[in-house]
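*Asks:* Make a model of this:
(2 chains)
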Amino acid sequence: MNIKQWLADTLKTSISELYSNNEPLTLSIQETNKEFEGDFTLVCFPLTKLSRKKPFETAQEIGEFIKQKESNIENFNVVNGFLNISLTFEFWVNYFLTFTPNVTNTDNSKIHVMVEYSSPNTNKPLHLGHIRNNLLGASVAKVMSAAGYHVTKVNLVNDRGIHICKSMLAWQKAGKNETPASTGIKGDHLVGNYYVAFDKLLKAEANPLIEAALVKDYSKFNAEAVLKISAIVDRIELAKDDEKKEAALGELKMLINNQTPIMNEAQEMLRKWENGDTEVVNLWKTMNGWVYAGFEETYKKMGVTFDRFYYESNTYVLGKNIVEEGLNKGVLFKKDDNSVWIDLTADGLDQKLLLRGDGTSVYMTQDIGTAVLRNEELHCSKYVYVVGNEQDYHFKVLSLILQKLGYDWAKGIYHLSYGMVDLPTGKMKSREGTVVDADDLMELVVEEAKKKSEELGKNEDFTEAEKAVLYEQVGMAALKYFILKVDPKKRMIFNPSESIDINGNTGPFIQYAHTRIKSLIKKADGKVPQTFESSTLPNETTHRSLVRLLSQNQDIIEEAAKEYSPALVANHTYELAKSFNQFYHDFPILQEEDKNLAAFRLQLIEKIGATLRYNMDLLGIELPERM
RNA sequence: GGUCUCGUAGCUCAGUUGGAUAGAGCAACAGCCUUCUAAGCUGUGGGUCUUUGGUUCGAAUCCAAACGGGAUCACCA
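*Replies:* So this is what the prediction gives:
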C-alpha cells in the first residue's frame, strides 16, 4: 500500500465533499518537515479558491472535517496555510506489519527493456570513466527489474575499427611475439600498451612532417595534400587568437597524421580486415581474445554481468546494407568521392557521414546495424543506452536517422547520458598520463579498506580468506556507493589519492549499520518474535520516523526506475542507515525490559536490515555479516 | 561562433511536478566507550543557492539576459 497515495485519495474525496466540488483536484502533499509535528502536510494555499477563505482558515476547516471523517487521522495542526496531519500510531504499526522493501503491485511486467552498458573498445583497458558506466548500467538494470520491468542487459563490444588496427599494427611492428602468457601482463593492458606504442610510432613519422609544413616546406607531400595543408598553414598564420590557432593546428595534425605511411598501413589493414584477409583476421581474433580475458577479470571484480553480448564486427555489415537500402530509398545521398551521407540540416543538425569513400563503415554505420539487429532479436519497447554525455549529439542523430529510415521503434531509444568523471586536476587525458585505470583503482580501494580494518582490529579472528572477502566487500562498497550516490546526469569529481572515505555518507557506513543489526539478531539466537501487542506500544517519534522511512522505500525504487537514477536509492538508504544508527544509540533493543516493546524493536530492526540489504543489492553492493 | 549542459557551505554532494527557518558528509573545533560493534552518536562554527531582472500569495526550483565552467559541431569510436 502506498500511504501517500491513500491519503491523497482520501483528502480529495473529503475536500470535494466539503466544498461541493466536481472538478478533478490535484493536491500538493509532502512529508512534514522535521521541525513541525505531523506525518504529512497538505499545502492549502491553492485551495483558497475553492474555500473562498484565507489560507489559515481553509486549512483549519479541512483539518476539522477530515479528522472527524477518517479514523486513521489522529490529529492535525495548522501553520499558516500548511495543514500538518498526523496518522495514528496504530495505523503505522499495522502498516509496518505488512511491510516489505521490494516493489509490489507493479504493472510493468510485460514491458521489455534493454539496458546497454559497458560497451568497451577492445584496444585498451577500462578506466575510471568506464567504472561509472558499468556501475550505473548494472544498477539501473537492477532497479528497473525491481520496479517490475523485464530487463535484458546487453554489452555491445566495439571490437572493430581503425583503433583496433592500430594496436594490431604496433604489435606486428614492435611486439616481438609478446603474449599475456609470455609477459605476465593482463591481456587488455598488453593490447593497450601497443595502442600507446602506435601513437609513438605515428608521432615519430608525423612530427617532422608537421614541422616542415609549418615552415612551408611542402616537398614531402603530394600535390593534392599540399593544397589542403598550405591552406591550413595560412590560417594558422592569420589566426587572430590562440583558440583559433589551436583549432587550425589540430586540423593540420589530423591531416598530416592521415598522410603518414603508418596511418596508411592501418587503413590498409582495416580494408583487409573488412575483406576477410585470413592473416589479419587471425591476428585480430588472437588479440581480441587477450582483451576479453582481461575484461572478464575486471567485470568479475566489479560484479557486473550481462545477458547478452553483441559485437560490432557482426553488425557493421547489416549497417552497410541498411545504408545501401537508404540510398535506394533516396533518404541518403552520395558525394563525388563515393561517400554516403544523410542531410539533417532541415532538422537543425548537420550532414552526417554514414559510409566512407572506400566503402568502410564508421561508428554510426555500426550503431544503425546494431540497433536494427537488436530490435529484430529482442523486440523491446525501450532501448536504454548508457553512454557518456559527450555523445549526446551522436544519439540524437542515431535516433533521427533510424526514424527517417522508417524504423518506428527507434522512438523507444533512450540515451542515458551520464556526466564525465573528472579528477581534481581536471579532465582525464591519456596523452598526459592522467587516466585512472579501473583495475588499479579497485586494487587501491580494497587496499585502503584493509588498512582501515587492520587499524580497528575487530576481525583478527577471521581466516585470511575471510579477511580478503571482507576487504573486497568494504573497499568496493566505498567505491560503488561513492559513484552511484551522485545524480548520473551530473559530472562529478573523483580524487583517487585521497582514496575513499568510509565514514559518513558512504557505502561502509551503511554496511556497518547492517552488521550491527546482524549482530543483534545473532545475539537473539536468530529468533525474531513475529507478534507483539501494538496497543501498548508508546507512540514515540524515532520509531515512527523509522517506519515512515521504510514506507517510502517502494516509492523511491519506482521513482529511481522512472528517472534511471540509482542515486535516489543510495541517498534514501543512507537516510535509513543514519536513522537506524541514532535509534541504536538511543534505545535498548535486546536490553529492553518491556518484552513486548523489545519484540517490536527487534522486528523493526530486522525489517530495516532487510531493506538495507535489498537496496544495497540494487546498487550492486554486498553486505558483510561482520566488520 | 552555433547547439546542448552545468553553477548550492572551504571540499564532495542532496534538495528542482514552485511551499514553511536551504540539508548531509568530509575537513575544523568541543564532547560521548565498565552497558546490544565508537567504521558509531551528540554539539559548535560555516550560505547573497553565480549575478540581474521577470512571473507568483510564495522562487535554489519556472522564464529571460549576463558572467563563469564543460561537452559537441571528425572519413576517431
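*Asks:* ranges for the helices of the stretch 51-200 of chain A?
*Replies:* Counting by DSSP state H, counting those that start in this stretch, the stretch 51-200 of chain A has these helices, from start to end: A:55-69, A:89-98, A:128-146, A:162-174, A:180-183, A:187-214.
*Asks:* show me the contacts for A:E251.
*Replies:* With contacts defined as C-beta atoms under 8 Å, 6 or more residues apart in numbering, A:E251 is in contact with A:I232. For every residue, glycine as well, the C-beta is placed using N, CA and C.
*Asks:* what about the strands in the stretch 301-450 of chain A?
*Replies:* When assigned using DSSP state E, counting those that start in this stretch, the strands of the stretch 301-450 of chain A occupy the ranges A:308-311, A:333-334, A:340-343, A:351-355, A:382-388, A:413-418, A:421-422.
*Asks:* what are the C-alpha coordinates of the helix or strand bottoming out on mean pLDDT in chain A, in CSV please?
*Replies:* Lowest mean confidence among the helices and strands of chain A (mean pLDDT, DSSP states H and E): helix A:242-257, at a mean of 80. Listed next in CSV are the C-alpha coordinates belonging to helix A:242-257 (Å, rounded to 0.1, in the frame of the first residue of the first chain):
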residue,chain,number,x,y,z
ASP,A,242,45.1,31.4,-29.6
GLU,A,243,41.9,29.4,-29.7
LYS,A,244,41.6,29.7,-33.5
LYS,A,245,45.3,29.0,-33.9
GLU,A,246,44.9,25.9,-31.7
ALA,A,247,42.0,24.6,-33.7
ALA,A,248,43.7,25.1,-37.0
LEU,A,249,46.8,23.4,-35.7
GLY,A,250,44.7,20.4,-34.6
GLU,A,251,43.3,20.2,-38.1
LEU,A,252,46.8,20.3,-39.5
LYS,A,253,47.9,17.5,-37.2
MET,A,254,45.0,15.3,-38.2
LEU,A,255,45.5,15.9,-41.9
ILE,A,256,49.2,15.1,-41.7
ASN,A,257,48.6,12.1,-39.4
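*Asks:* Going along the chain from that helix, find the next helix or strand for me.
*Replies:* Tracing the chain C-terminally past helix A:242-257 and defining elements by DSSP states H and E, one meets helix A:261-274 next.
*Asks:* which outside residues touch that following helix?
*Replies:* Outside of helix A:261-274, the residues within contact range by C-beta under 8 Å, 6+ apart are A:160-162, A:165-166, A:168-169, A:198, A:201-202, A:205, A:257, A:280-281, A:284, A:358-361.
*Asks:* So A:K186 sits against A:P125, correct?
*Replies:* Yes - taking contact to mean C-beta atoms under 8 Å, the distance of 7.4 Å between A:K186 and A:P125 places them in contact.
*Asks:* thinking again about what came up before, separate out the buried members of the contacts of helix A:261-274.
*Replies:* Burial of the contacts of helix A:261-274 was assessed by neighbour count (16 or more other C-beta atoms under 10 Å); the buried members are A:160-161, A:165-166, A:168-169, A:198, A:201-202, A:257, A:280, A:284, A:360-361.
*Asks:* and of the residues you listed, the nearest to RNA strand B?
*Replies:* Distances from those to RNA strand B were compared by C-beta to the nearest atom of the strand; the smallest belongs to A:G161, at 3.1 Å.
*Asks:* is it true that the closest one touches A:W284?
*Replies:* No - contact between A:G161 and A:W284 fails when scored by C-beta under 8 Å: they sit 10.9 Å apart.
*Asks:* For the stretch 501-627 of chain A, which residues are neighbours of RNA strand B?
*Replies:* With C-beta under 7 Å from any atom of the strand as the criterion, the stretch 501-627 of chain A meets RNA strand B at residues A:501-506, A:508-509, A:512, A:515-516, A:518-520, A:523, A:567-568, A:571, A:574, A:578, A:581-582, A:584-591, A:625-627.
*Asks:* What's the local residue count around A:P508?
*Replies:* A:P508 is flanked by 25 other residues according to other C-beta atoms under 10 Å.
*Asks:* Against A:D336, how distant is it?
*Replies:* Going from A:P508 to A:D336 by C-beta to C-beta, to the nearest Å gives 62 Å.
*Asks:* Show me what from the stretch 1-150 of chain A comes close to RNA strand B.
*Replies:* Counting by C-beta under 7 Å from any atom of the strand, the residues of the stretch 1-150 of chain A close to RNA strand B are A:28, A:30, A:32-33, A:35-36, A:38, A:41, A:43, A:45-46, A:79-82, A:84, A:121.
*Asks:* Can you select the buried ones among these for me in ChimeraX?
*Replies:* Buried residues within these, by 16+ other C-beta under 10 Å, are selected in ChimeraX with:
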select /A:32,38,41,43,81,82,84,121
